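Enquirer: dropping the sequence and predicted coords here.
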Amino acid sequence: MDIPSMTLSELTEYIKQKGYPAFRAKQIYEWLHKKQTFDTSEMSNLPENMRKDIAAEIPVITEETHLVSKKDGSIKFLMKMPDGQMIETVFMRYHHGNSVCISSQAGCRMGCRFCASTIGGLVRNLEPSEMLYQIYHAIRSTGERVSNIVVMGTGEPLDNYDNLIRFLDLITDENGYNISERNITVSSCGLVPMIKKLADEKRTITFALSLHATTDEERKALMPVAERYSLSETLDACRYYFDVTGRRLTFEYSLVRGVNDSEDHARRLAALIKGLNAHVNLIPVNPVEERKYKATEADRVELFKNILEKYRINVTIRRGMGSDIDAACGQLRRKYSNR
């Protein structure tokens, strides 16, 4: 059993089956999701025998290490799961509040060429409790509230769909952390059927598509998922998402020097998403040791942005966070594994 992955109603039934009063479930749930602790020794209003009884049903996750950026104060946590798998979480401070970028899988099978997360492939999906713990650990470690969550770390969230949905239910529950869905962003490299399935949930989360190219051939060179789903199919799924949810789309576009960052690329991107209620996030790619790709120079990033704006595209340049602490997805986990 995995108690932190249970809804309050499920936990109530389970606690009653174990012979305890139903009200104990609410107490456990609040310790887990309001006070953000998985440590039963802290659950002081529970009888000692009960704490010992449920301890084996709460995953033991520990921090292996953390790095603090001298540039911007962002923190990268490397955490050890019960089976020894390592995952990464990044805590970032912005003027509009604190954000946590969480992983949804240990490893990734999507194979995007510029991403360290995919080196070594997918090991396994993360449980809802393991996704929640990343946020809770960041809160307890910093003593600061988290106002935004991005499921954009290691892994493809829509490749772990059922656990993602349960995670969303738990983190937004009014009996728990109670964050608004509007403050959650879920990113995908473009699993078309799952984008449509997510749309049909009719949630108010923000959906972000990792686009990164303006033609099918260029996208295939960067992202193997493009071999399966064309740009046309992928953008149709994004239109469907907007039509069903009414939520503005975000397109993530990692700028790779000499690959997808020319003025022509900017004009093609504008034409590609014209008419979509969308926002473009330009991301100078984080250099990865095992990959050949380099980030676009700052002046060319600005030029790319200016061209998009000329075509009335909403665009921002994502501020690079934690470049001095291996904050790009998978880098710290990869270095730790190699060591």
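Expert: Yep, that arrived. Predicted, not measured: the structure shown is a model, and the values here were computed from it. Numbers count the residues shown, from 1 in each chain.

Enquirer: if I look at the closest residue to residue 257 other than its chain neighbours, how far off is residue 300?
Expert: Excluding the flanking residues, the one nearest residue 257 by CB to CB, 6 or more residues apart in numbering is residue 294, at 4.4 Å. Glycine gets a C-beta too; all of them are placed from N, C-alpha and C. Using CB to CB, to the nearest Å, residue 294 is found at 12 Å from residue 300.

Enquirer: ok, those two, which is more surrounded?
Expert: residue 300 (18 against 14; other CB atoms under 10 Å).

Enquirer: so what's the more buried one up against?
Expert: 255, 261 (CB atoms under 8 Å, 6 or more residues apart in numbering).

Enquirer: tell me the pLDDT of it.
Expert: Note on residue 300: pLDDT of 95.

Enquirer: tell me how far the helix or strand containing it lies from the chain's centre.
Expert: Residue 300 is located in helix 298-310, with elements delineated by DSSP states H and E. In terms of CA atoms, centre = their mean, to the nearest Å, the centre of helix 298-310 is found 27 Å from the chain centre.

Enquirer: stretch 311-321 too?
Expert: Distance of stretch 311-321 from its chain centroid, counting by CA atoms, centre = their mean, is 19 Å.

Enquirer: just the CA trace of it, in PDB.
Expert: The C-alpha trace of stretch 311-321 is given here as PDB (Å, rounded to 0.1, in the frame of the first residue of the first chain):
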ATOM      1  CA  TYR A 311       3.800  38.800 -36.200                       C
ATOM      2  CA  ARG A 312       1.700  39.500 -33.000                       C
ATOM      3  CA  ILE A 313       2.800  36.300 -31.200                       C
ATOM      4  CA  ASN A 314       2.900  36.500 -27.400                       C
ATOM      5  CA  VAL A 315       6.400  35.500 -26.400                       C
ATOM      6  CA  THR A 316       8.800  35.600 -23.500                       C
ATOM      7  CA  ILE A 317      12.400  34.500 -23.100                       C
ATOM      8  CA  ARG A 318      12.700  32.100 -20.200                       C
ATOM      9  CA  ARG A 319      15.200  33.300 -17.700                       C
ATOM     10  CA  GLY A 320      17.900  30.700 -17.300                       C
ATOM     11  CA  MET A 321      17.800  29.300 -13.800                       C
END
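
Enquirer: contacting residues around it?
Expert: Outside of stretch 311-321, the residues that reach it under the criterion CB under 8 Å, 6+ apart are 69, 72, 74, 90, 92, 267, 269-271, 273-274, 278-284, 286, 301-302, 305, 308-309, 327.

Enquirer: centre-most residue in this protein?
Expert: Among the residues of the chain, the one closest to the centroid is residue 151, at 1.5 Å (CA atoms, centre = their mean).

Enquirer: these two touch, right, that residue and residue 185?
Expert: Yes - checked against CB atoms under 8 Å, the pair residue 151 and residue 185 is within contact range at 7.0 Å.

Enquirer: now residue 166, nearest residue through space, not along the chain?
Expert: residue 128 (4.4 Å).

Enquirer: tell me the spacing between that neighbour and residue 63.
Expert: Taking CB to CB, one finds residue 128 at 20 Å from residue 63.

Enquirer: neighbour count winner among the two?
Expert: For residue 128 versus residue 63, the count of surrounding residues by other CB under 10 Å is larger for residue 128: 23 against 12.

Enquirer: would you confirm that the more buried one contacts residue 167?
Expert: Yes - using CB under 8 Å, residue 128 is in contact with residue 167, at 4.4 Å.

Enquirer: contacts only, for residue 129.
Expert: Counting by CB under 8 Å, 6+ apart, residue 129 has contacts 2, 3, 4, 5, 38, 58, 59.

Enquirer: ok, the fourth one touching residue 131?
Expert: It refers to residue 5. No - using CB under 8 Å, residue 5 is not in contact with residue 131; the gap is 9.2 Å.
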